[in-house]
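Undergrad: only the shape, not the letters, is given here:
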């Protein structure tokens, strides 16, 4: 039996849908982490309001990851409630502990930005590579599929 290079319509649609969903999901995750990464980088490079963060409550997930929320008091005396402390919080401390922090866009970071900026840089770089790779794969598959459709329509086989 000769191989024509043509697959069933259902298989092509399913493959195309899976690839499209994967690319859209990767792009969405990239957008979210880029926003978080930009915040962490901005604080690392000195943006934001300096002051102090006072922990009020800690929420931990089943995996052991904990997140502190509390109050940020700026150097100018302004107070922000319900602020999330980024960079993993300050483990091993109880509530109402005051630490030096920087406030930016609704979150508090340790002085100097903590270490989130480096992790976000690595993750964002890898996500950008993944999205570019997925888009190239998707475009190559689309080109091959169209070439196979044309070859099928005119009765020849595509080269390569």
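TA: The structure has been received and is ready for your questions. For clarity, every value in this text was computed on a predicted model and none was experimentally measured.
Undergrad: gap between the longest helix along the chain and the chain center?
TA: Counting by DSSP state H, the longest helix found in the chain is helix 116-154. Relative to the mean C-alpha coordinate of its chain, helix 116-154 is positioned 18 Å out (Cα atoms, centre = their mean, to the nearest Å).
Undergrad: sec struct for residue 46, please.
TA: Assigned with DSSP: H, G, I helix; E, B strand; the rest coil, residue 46 falls in the coil class.
Undergrad: residues contacting the spatially closest residue to residue 83 that is not a sequence neighbour?
TA: Distances taken as Cβ to Cβ, 6 or more residues apart in numbering place residue 72 nearest to residue 83, at 4.4 Å, with adjacent residues excluded. To be clear about C-beta, it is placed using only N, CA and C from the backbone, and glycine gets the same treatment. Going by Cβ atoms under 8 Å, 6 or more residues apart in numbering, residue 72 touches 51-54, 79-80, 83, 101, 103, 108.
Undergrad: do that again at 6 Å, thanks
TA: Residues in contact with residue 72 (Cβ atoms under 6 Å, 6 or more residues apart in numbering) are 51, 53, 80, 83, 103, 108.
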